[in-house]
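Chemist: show me how the following folds:
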Amino acid sequence: MVPVTSTAHNIAITAESLQEDLTRLEVQKQALERELAAVTAHLGSVQRALSALQALMPDAVSVDAPSSVEPTPAPRVTPVDNTTESADASTATPGHTDGGDDADHVKSYGKLTEQILEYFAQAGDVDVRARDVASALGRDTDSGSINAVRSTLDRLVGSSRVRRAGRGLYRAAKS
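Modeler: The predicted structure is shown next:
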């Protein structure tokens, strides 16, 4: 028979391990929700841009969007009560409690773009990695946040607002 103190100790260790897993999973869930919101906002932007371009194209040349890709509304997110310290509050996207309101997604999505452009305005003429930009903006808590910064940097390169200086390196666009 196992002594009671040993059993109580094992239960305490298991409970502590489960609490650590719970905290880690809550942070991961929040990161995935932010990433989903960013992807949803980008999807809406691309769909609107494609529709606008198709309206300008002559009838003879038509580009159809893939019919298999249907936008799905983001799930309704319920706030998580974190009694322990978890993800940096500055990385949370304000207004992300309802997946049906694209205006909130676009507003917070544009905020990241503005933050990145402000960072490059202050950084000057130096090469920086996406991870360094994410770190400077307090968005390096998880891979989802860093990938959102990378995606935004790639869009800014596409619009010539930021230059690609090399593989994985970015630099402020010359004025």
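Chemist: hey, where'd the strands end up in this protein?
Modeler: 128-129, 162-166, 169-172 (DSSP state E).
Chemist: could you find the closest non-adjacent residue to A172?
Modeler: For A172, ignoring the flanking residues on the chain, the nearest one in space by C-beta to C-beta, 6 or more residues apart in numbering is F120 at 4.0 Å. (Glycine included, C-beta is placed from N, CA and C.)
Chemist: contacts only, for the one you found.
Modeler: 162, 170-173 (C-beta atoms under 8 Å, 6 or more residues apart in numbering).
Chemist: go again with 10 Å.
Modeler: Neighbouring residues of F120 by C-beta atoms under 10 Å, 6 or more residues apart in numbering: 126, 128, 133, 153, 156, 161-163, 170-173.
Chemist: ditto for I116
Modeler: Contacts of I116 (C-beta under 10 Å, 6+ apart): 130, 133-134, 136-137, 139, 149, 152-153, 155-156, 161-162, 170.
Chemist: circling back to that earlier point, quick one: closest of the strands of the chain to V27.
Modeler: Nearest to V27 among those is strand 128-129; the distance by C-beta to C-beta comes to 22.9 Å.
Chemist: for the closest one, the averaged confidence score.
Modeler: Averaging pLDDT along strand 128-129 gives 92.
Chemist: output the lowest mean pLDDT helix or strand found in this protein.
Modeler: helix 102-123 (a mean of 73; mean pLDDT, DSSP states H and E).
Chemist: got any ranges where the chain has weak pLDDT?
Modeler: Along the chain, the model assigns pLDDT under 70 to residues 1-2, 59-109, 175.
Chemist: now the helices for it?
Modeler: Assigned by DSSP state H, the helices in the chain fall at 4-56, 102-123, 130-136, 143-158.
Chemist: picking up where we left off before, for the contacts of F120, give me a markdown table that also has neighbour count and distance to G110.
Modeler: Shown next, in a markdown table, are the contacts of F120 (neighbours: other C-beta atoms under 10 Å; distance: C-beta to C-beta, whole Å):
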| residue | neighbour count | distance to G110 |
| --- | --- | --- |
| V126 | 12 | 25 |
| V128 | 20 | 21 |
| V133 | 23 | 16 |
| L153 | 24 | 15 |
| L156 | 19 | 12 |
| R161 | 15 | 13 |
| V162 | 24 | 15 |
| R163 | 16 | 21 |
| Y170 | 27 | 19 |
| R171 | 18 | 22 |
| A172 | 20 | 19 |
| A173 | 14 | 18 |
